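Asks: coords below, sequence missing:
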């Protein structure tokens, strides 16, 4: 894979990215960086980067697109794909694929639905997926990291121990979710082992360039950067569908309405998005709205689909 | 508009439809017809029809594709479009666009969210949209009927008084929803007037051919059959997004996962679906699954996107 | 029945009442009168009256104890007794007797429990009891009024038409509850008929003296003022138990903890209370706390049980 | 304290107990013993014992009234009293005193009410009380055991290690509750330490005689067996009030209605009850109804209050 700043085939998108960056730069009000752990609170909410990766692995971008940030929930997409590739549809007996639609949190629904989380992108669902990948690999977080390094071509990607430790120190809510699902028999590993894997996985630092590239298999209908197949065409479609309906917390409907692409956000301020058969995007800006999505990130993707007409709708 | 059974341009889809009809015909188990009102309970769950409408108004189909059935919740899409065309984004202050994701019903969320329904396709949301269209037109149901007749080119479309009366006689739950939202100031018309409009609107009978044609404006990015514009390109995209994330009750995630198209189902057994920029579909079979969607209908659309690769993902 | 201001047998309580009135008079901060209808909002929150009725019908009091006020939910106790006397335990198949314990309202639980309200003192439960009394008498509100007049010896008690009309004009929430329960088959009468009966019943105006006397049958283990029996000893105990556990909205635990007597409050600012086998009390002061109970009323009853040691605990 | 099987003063109650035991003995159908841990499942549902303790420490009983059983949630009363004696009203900022009224469990309400459990007798509330007693004593379970030994005069009372270990092995749900409240800052001790204390405390084995005696301080308005004061008169009243409104899981209203005494049940099949100023009772029979209360136990207490007229109502 060759990575160039401005490859020939990108002539169509680069002006769009530059225009978006210019518009975002003029826009005041970026929300607030997540502040529940120090490492996130320290981010400058005015940082902004955006990258596009073509199907052939060409990647280019604007602003802070090569700056590593905390990926957080974005990694849930990769963990889902890695486990789905291993166990196939059996996974869906342990986690649903419906939007949670529940502003007052997932515990209510977990209780109502006997410990089966609604989808793999709420925390409870990601815990189940991580638990299952852990059972199948013995090192879920390690498996994830190897995948991200391989797809991005960036061997320097790594966990951020400080972030993982902070998450762990503030981990009572996830511990509650894990124990609660364990009480329904929906967690296989000891809760402390699971939480360690989970927090490490969320702590990976990567740039817009890295993540746009790593997401490429979803635009290539399941095919990895090296041409090998991770997911079947049908499975890749399924992951995209889950991203569109459940990828942005309680704002999935709004995201579909404004952006119209499968996407997944993280509280580090990053968002990945997929234009199936065409390209992948990653945008980053740490200021969040009240639903936990990057303010400038959503705005940039909104502009991208408006300017290019590349929405799936 | 000329409607032909097998137009030249349909050569690609007609074999697909025939293959699907043949497969469906061999499949036992079709679920059960809705039985809360006699008119629906009388339907034969083995009926099956499917139609495709091209952007130019060419329509063709298989099975019972010219047989009128009770449209029910499918009309919510048209009422939404008709009101959105009139009042624009102000509508979204009175109804959300997030999936409801709540198997244990919408009253909880209505209460939690101060009388603002989650989206226009749950009953509470459709009541709000109907109320607003009623305020703006003085005859919401009549407006809907005129639109369906015009877009389908079928002037014989009409309300089914028996169905409307049955719904009204079983209407306590919708009355509860309407009064509840009225208590939050989110209903303008007297509840009995609103319910009359609402039940008549759900009672329209139309065939797969009629509905595939009437849905055409969503594939044409907002343009009606006569070339005039109902919705802006952006609004058409928005309606499609709401259909994808909220169009099939509590199974929107599953529908997106299996079918991957914006769609809207009704308890009469019909489902409409949109391939933006390409065509619209309507399938009908009265047997429902436990979430209220046509068993054969979902299966047929699943096969269609698999065989043609026309999913949005 | 002889009513005297200071009868011989009251020598023990009259000084207590005077001391309480004096203490309450010195206490600033009385909460706010209910303001959802004009007739209640017009009340002076500094009004205060308290009456004690002995088992023999002797009644005496302090402050505004002869001033009529809007009884509101206090009447739910009498409607319950009147229906229980007629249909006995069958009533409990249509309404529960457990605390609702639900600050975010009863609709959630109604839905979860299939249209059976938790107890007769939440609005949904009182609607069911009124509906059943209406079926058995043809005039539930009239039956209630006759009972209150008879027990208090005050034939001038009457409905307040202005209050009933105001409640009706603001009645969407109760209409929603009634239709919702009707959808579960738990309401027999047409909803408009039921609501009319319900709102009239809540509108009765009576004084502390009237209500303390009317409550007497609960201290006399079911025996009315004229010596006839309304409830069996066991039924009277049951009504007292329901008052203690469910009589003060979401503050029943707190009321039991502070006052320790079966009691029932209304948003008009009145509270009735029972010392089984000994006496009944009624206190009134229109200023409410955030849970809808009279601030000075609860404080006065708290002082009464502390000073006299007459708590049931 | 002198304990006799049939003391002079018991002549009034002993025939009542014998009659109840005889009636219970003739009644088929006793529910089912709890089966979530082996030690409880092994109990014979036909065991039955009942004891009455007079204020002076005289105790007598019928059936298996000297047979030790697993006290389980009954100990929540004593832990509450022990902590309340130490910290007073400050406790009520960390746990409420309202009925939970929620058949679909406490997690919903915990979430809605920001980690403050509704009352000290649901598991979440008892965890908070234990946590606070642990902070104040360094050995909450030890403190409880010392109190039970002292009040019952039975130094052989002890924890049941097998039961505590079983509870711990099945403890995911309580771990979830504890971590969840910790996420709101409402737990001070490390969750594993708290759970160990909690499970040991529930594991104490004691007989009806032991528990009737140990409960005596609540009938003596706060005074211990040795004449020293544990709780103020007002605090003792408060504990009784919480028992009446919250002591029997989701059946508190039903228990108040049928029995009319402050009471607390455990899944081991025991129930304690208080007749303030008169006596205390403990009944035991392992067969439970669907709400977790002893079938024969509730029936026996119902008969007791009916035969003696000793209900608080």
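Replies: Perfect, I can see it now. Keep in mind that this is a model prediction, so the values were computed, not measured.

Asks: and residue A:203, what does it touch?
Replies: A:70, A:159, A:160, A:161, A:163, A:164, A:167 (Cβ atoms under 8 Å, 6 or more residues apart in numbering or on different chains). For the C-beta atoms, the positions are set from N, CA and C on the backbone; glycine is no exception.

Asks: Relative to residue A:214, how far out is it?
Replies: 16 Å (Cβ to Cβ, to the nearest Å).

Asks: Show me what from chain A comes close to chain D.
Replies: Within chain A, the positions lying close to chain D (Cβ under 8 Å from any Cβ of the partner chain) are A:104-105, A:107-108, A:111-112, A:172-173, A:175-180, A:182-183, A:191.

Asks: For chain A, which segments count as strands?
Replies: A:49-54, A:59-63, A:69-70, A:205-206, A:263-265, A:270-275, A:279-284 (DSSP state E).

Asks: packing partners for the fourth one?
Replies: For strand A:205-206, the contact count by 3 or more Cβ pairs under 8 Å, 6 or more residues apart in numbering or on different chains; DSSP states H and E identifies strand A:69-70 as packing neighbours.

Asks: 7 Å instead, please
Replies: With contacts defined as 3 or more Cβ pairs under 7 Å, 6 or more residues apart in numbering or on different chains; DSSP states H and E, strand A:205-206 has no helix or strand neighbours.

Asks: residues in contact with it?
Replies: By Cβ atoms under 7 Å, 6 or more residues apart in numbering or on different chains, the residues outside strand A:205-206 that reach it are A:68, A:69, A:70, A:71, A:148, A:152, A:157, A:158, A:160.

Asks: Give me the residues contacting stretch A:29-44.
Replies: Contacts of stretch A:29-44 (Cβ under 7 Å, 6+ apart): A:45-46, A:70, A:160, A:162-163, A:166-167, A:170, A:267-269, A:285-289, A:295-296.

Asks: before we move on, what about stretch A:209-224?
Replies: With Cβ under 7 Å, 6+ apart as the test, stretch A:209-224 has contacts from A:51-53, A:55, A:57, A:59, A:61, A:65-66, A:71, A:74, A:78, A:148, A:151-154, A:157, A:225, A:229-233, A:235-236, A:239-240, A:270, A:272, A:274-282.

Asks: switch to 6 Å and redo it
Replies: Contacts to stretch A:209-224, defined as Cβ atoms under 6 Å, 6 or more residues apart in numbering or on different chains, come from residues A:51, A:53, A:55, A:59, A:65-66, A:148, A:151-152, A:154, A:229-233, A:236, A:240, A:272, A:274, A:276, A:279-282.

Asks: start to end distance for it?
Replies: By Cα to Cα, to the nearest Å, the extent of stretch A:209-224 from end to end equals 16 Å.

Asks: average pLDDT for that stretch?
Replies: On average, the pLDDT along stretch A:209-224 is 98.

Asks: Next: stretch A:258-270.
Replies: pLDDT averaged over stretch A:258-270 gives 96.

Asks: residue nearest the centroid of chain A?
Replies: The centroid of chain A falls nearest to residue A:74 when counting by Cα atoms, centre = their mean (1.8 Å).

Asks: Tell me if I'm right that it and residue A:264 touch.
Replies: Yes. Applying Cβ atoms under 6 Å, one finds residue A:74 in contact with residue A:264, separated by 5.5 Å.

Asks: list residues touching both of those two?
Replies: Counting by Cβ under 6 Å, 6+ apart, the residues touching both residue A:74 and residue A:264 are residue A:272.

Asks: that older thread, so among the contacts of strand A:205-206, which ones count as buried?
Replies: A:68, A:69, A:70, A:71, A:148, A:152, A:157, A:160 (16 or more other Cβ atoms under 10 Å in any protein chain shown).

Asks: CSV please, covering the residues you listed and showing distance to chain C and pLDDT.
Replies: Shown next, in CSV, are the buried ones among the contacts of strand A:205-206 (distance: Cβ to the nearest Cβ, whole Å; pLDDT from 0 to 100):
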residue, distance to chain C, pLDDT
A:68, 43, 97
A:69, 38, 97
A:70, 35, 97
A:71, 36, 97
A:148, 42, 98
A:152, 46, 98
A:157, 45, 98
A:160, 39, 97
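
Asks: ok, back up a step: pull out the buried residues from the residues of chain A next to chain D.
Replies: Buried, going by 16+ other Cβ under 10 Å: A:104-105, A:107-108, A:111, A:172-173, A:175-180, A:182-183, A:191, out of the residues of chain A next to chain D.

Asks: Show me which pair in those is furthest apart.
Replies: A:104 and A:191 (24.0 Å; Cβ to Cβ).

Asks: Tell me which residue in the stretch 201-313 of chain A sits closest to chain D.
Replies: Closest approach between the stretch 201-313 of chain A and chain D, counting by Cβ to the nearest Cβ: residue A:250, at 14.8 Å.

Asks: any idea how far residue A:39 is from residue A:169?
Replies: 12 Å.

Asks: more neighbours, the two?
Replies: residue A:39 (18 against 10; other Cβ atoms under 10 Å in any protein chain shown).

Asks: Excluding chain neighbours, what is closest to that one?
Replies: Once flanking residues are discounted, residue A:39 sits nearest to residue A:163: 4.8 Å by Cβ to Cβ, 6 or more residues apart in numbering or on different chains.

Asks: Repeat that for residue A:71.
Replies: Once chain neighbours are set aside, the closest to residue A:71 by Cβ to Cβ, 6+ apart is residue A:204, at 4.9 Å.

Asks: what number of residues lie near that neighbour?
Replies: 27.

Asks: For it, give me its contacts.
Replies: Applying Cβ under 6 Å, 6+ apart to residue A:204 gives the contacts A:71, A:75, A:159.

Asks: closest to chain B among these?
Replies: residue A:75 (20.6 Å).

Asks: Distance of the closest one relative to chain D?
Replies: 22 Å (Cβ to the nearest Cβ, to the nearest Å).

Asks: what about that residue, how many neighbours?
Replies: 27.

Asks: Quick check: residues of chain A near chain B?
Replies: The interface of chain A toward chain B, taken as Cβ under 6 Å from any Cβ of the partner chain, is made up of A:97-101, A:237-238, A:240-241, A:245, A:253, A:256-257, A:260, A:276, A:311-313.

Asks: Now the buried members of the residues you listed.
Replies: Counted by 16+ other Cβ under 10 Å, the residues of chain A next to chain B give A:97-101, A:237-238, A:240-241, A:245, A:253, A:256-257, A:260, A:276, A:311-313 as buried.

Asks: Could you check how far stretch A:255-265 is from the centre of its chain?
Replies: 12 Å (Cα atoms, centre = their mean, to the nearest Å).
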